[in-house]
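Asker: fold the following.
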Amino acid sequence: MVGGGQNAFIGAVHRLAASLDGQIELVAGAFSSDAANSKLTGEQLFLNPKRVYASYAEMAAGEAALPPEERIDFVSIVTPNFLHAPVATTFLKAGFHVVCDKPMTLTLKEAKELRATVRKSGKVFALTHNYTGYPMVKEARELVRTGKLGKILKVVAEYPQGWLLDRIEAEGQKQAAWRSDPKKAGATCCLGDIGTHAENLGRYITGLEIESLCAEFTTFIPGRKLEDDANLLLRYQGGAKGVLHCSQISCGEENNLNIRVYGTLGSLAWQQEHPNELKFIPKGEPARILRRGNGYVSDAAKKFTRLPFGHPEAFIEAFANIYLEAVAAIRASQAGKKPAGDFPTVEDGVIGMAFLETAVKSAASKSKWTKFVKV
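Answerer: Sure thing, here's the model as predicted:
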């Protein structure tokens, strides 16, 4: 693991998820740009001190020098955005598979360069858009794939939070500080942090690609360098329309990612805060609440379910599903087979960065409607 040292929220989540099914063992890390922090984190995780490194470059070189049966199989990157590309590139060139947090890079240019590196390396690259790992998100995708919704007409995706209603980055809150810093987060805060999940979720479920968009960014909190609220209208290829909004200043909201998809034969709705349920409304019929773990759900949903119905599965398990699929692909690659699996790839990362770059361009434009950047 690179990143995920003391007081880092997402690193601990990744470690829990990766270890959940007993398929992955954490054996090495460069957990912080602060060597002392990295060493302390390694001690708390009971790692061999020789495999706790002061920098990611030292780690890539050190692990590559070990015999094949001893070195790491892949690296998990959980750093702030600006380090994703250089860390991933270093490990790919050293011969390692990569699992990387989103958004994939700082810029679209970096994303395309990283894609070229992945292709040249032949290594597995997984991007942790973890919400695609929920069983009922996979059930929603199956409803669309099997034609239960008919032709998709409209997609509404929302991700409101309220944790940045105060300027806590000025008080030294670490998670807020780097997300609101253009040098570390990139050209966007709110959209890059959570709006990219809403876009990815809509594309994963429906398969629709954005043709053009109209974006408005607002920075409500004085002194903040990047937007804390974003509202977008979307035009999809094929004629469907979309509405996407994300906010980190919505008072009282916790982590309310949700999506509604409307078709000619039916509609569906899913909420991340109630992830075990999916609402499906066939045209002219009563609403149906589909629940994870039941025999009536698709094989795609069943595959990613661990517990019987009535026993909730949630955030950690969704993350773990991404890791399981990525590791299956890595094992296939190691066996000389073609790697494949149901997990976001470097292509999703490039599309995600194209989405962010197009939205930033639209928000700054007077004409607003902006053609989606070709990738």
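
Asker: may I see the buried residues of stretch 181-193?
Answerer: D181, A185, G186, A187, T188, C189, C190, L191, G192, D193 (16 or more other C-beta atoms under 10 Å). C-betas here are computed from N, CA, C, even on glycine.

Asker: just the residues you listed now: which is nearest I249?
Answerer: Nearest to I249 among these is C190, at 8.5 Å by C-beta to C-beta.

Asker: tell me the two of the buried residues of stretch 181-193 that are most distant?
Answerer: D181 and L191 (15.2 Å).

Asker: neighbours around A340, how many?
Answerer: Applying other C-beta atoms under 10 Å, we find 12 residues neighbouring A340.

Asker: chain neighbours aside, what residue packs nearest to it?
Answerer: Residue nearest to A340 in three dimensions, not counting chain neighbours: A329, with 6.2 Å by C-beta to C-beta, 6 or more residues apart in numbering.

Asker: from A28, how far off is the one you found?
Answerer: According to C-beta to C-beta, to the nearest Å, A329 and A28 sit 21 Å apart.

Asker: so which of the two has more stuff around it?
Answerer: The neighbour comparison of A329 against A28 (other C-beta under 10 Å) goes to A329, with 24 against 20.

Asker: ok, that one - contacts?
Answerer: Applying C-beta atoms under 8 Å, 6 or more residues apart in numbering, we find A329 in contact with V124, A126, P339, A340, G341, F343.

Asker: redo that, cut-off 7 Å
Answerer: V124, P339, A340, G341 (C-beta atoms under 7 Å, 6 or more residues apart in numbering).

Asker: of those, which belong to helices?
Answerer: Using DSSP state H, no member of these falls within helices.

Asker: may I see the PyMOL selection of the buried members of those residues?
Answerer: Filtering these down to the buried ones (16+ other C-beta under 10 Å) takes a single PyMOL command:
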select buried, resi 124+339+341
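
Asker: export the contacts of A329 as TSV, with columns for distance to V2 and pLDDT.
Answerer: Formatted as TSV, the contacts of A329 follow (distance: C-beta to C-beta, whole Å; pLDDT from 0 to 100):
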residue	distance to V2	pLDDT
V124	17	98
P339	22	93
A340	26	91
G341	22	94
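
Asker: re earlier: and which of the buried residues of stretch 181-193 is nearest G22?
Answerer: Distances from G22 to these, taken by C-beta to C-beta, are shortest for D193, at 31.3 Å.

Asker: leaving out sequence neighbours, find the closest residue to the closest one.
Answerer: Nearest residue to D193 in three dimensions, chain neighbours excluded: R179, at 5.5 Å (C-beta to C-beta, 6+ apart).

Asker: with R224 instead?
Answerer: Going by C-beta to C-beta, 6+ apart, R224 has S180 as its nearest residue, at 5.7 Å.

Asker: and the gap between the one you found and N37?
Answerer: Applying C-beta to C-beta to S180 and N37 gives a distance of 22 Å.

Asker: neighbour count winner among these two?
Answerer: Between S180 and N37, S180 has the larger neighbour count (other C-beta under 10 Å), namely 27 against 15.

Asker: contacts only, for that one.
Answerer: E169, C189, R224, K225, L226.

Asker: and stretch 352-371, average pLDDT?
Answerer: Stretch 352-371 carries an average pLDDT of 96.

Asker: buried set for the helix or strand hosting A326?
Answerer: For A326, the host element (DSSP states H and E) is helix 315-334. For helix 315-334, a neighbour-count test (16+ other C-beta under 10 Å) marks 315-330, 333 as buried.

Asker: following it, which helix or strand comes up?
Answerer: Following helix 315-334 in sequence, per DSSP H and E, is helix 346-364.

Asker: hang on, C246 in a strand?
Answerer: Yes - under DSSP: H, G, I helix; E, B strand; the rest coil, C246 falls within a strand.

Asker: what segments of the stretch 101-250 of the chain are strands?
Answerer: 125-127, 152-160, 210-218, 229-236, 241-247 (DSSP state E, counting those that start in this stretch).

Asker: quick one on the thing from earlier: please pick the buried ones from the contacts of S180.
Answerer: Among the contacts of S180, those buried by neighbour count (16+ other C-beta under 10 Å) are E169, C189, R224, L226.

Asker: quick one: which of those residues is nearest E139?
Answerer: Nearest member of the buried ones among the contacts of S180 to E139, counting by C-beta to C-beta, is C189, at 31.9 Å.

Asker: wait, doesn't the closest one sit right on E227?
Answerer: Yes - under the criterion of C-beta atoms under 7 Å, C189 makes contact with E227 at 5.8 Å.

Asker: picking that back up, next one: the helix holding A326 to chain centre, how far?
Answerer: 14 Å (C-alpha atoms, centre = their mean, to the nearest Å).

Asker: mean confidence score for it?
Answerer: Mean predicted lDDT for helix 315-334 stands at 97.

Asker: just the CA coordinates of that helix, formatted as CSV?
Answerer: Provided in CSV are the C-alpha atoms of helix 315-334 (Å, rounded to 0.1, in the frame of the first residue of the first chain):
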residue,chain,number,x,y,z
PHE,A,315,-19.6,-0.2,2.2
ILE,A,316,-16.7,-2.4,3.2
GLU,A,317,-18.2,-5.4,1.3
ALA,A,318,-18.7,-3.3,-1.9
PHE,A,319,-15.0,-2.2,-1.7
ALA,A,320,-14.1,-5.9,-1.1
ASN,A,321,-15.9,-6.9,-4.3
ILE,A,322,-13.7,-4.6,-6.3
TYR,A,323,-10.6,-6.2,-4.7
LEU,A,324,-11.9,-9.7,-5.3
GLU,A,325,-12.5,-9.1,-9.0
ALA,A,326,-9.2,-7.3,-9.4
VAL,A,327,-7.3,-10.2,-7.7
ALA,A,328,-9.0,-12.8,-9.8
ALA,A,329,-7.8,-10.9,-12.9
ILE,A,330,-4.3,-10.7,-11.4
ARG,A,331,-4.3,-14.4,-10.8
ALA,A,332,-5.4,-15.0,-14.4
SER,A,333,-2.6,-12.8,-15.6
GLN,A,334,0.0,-14.7,-13.5
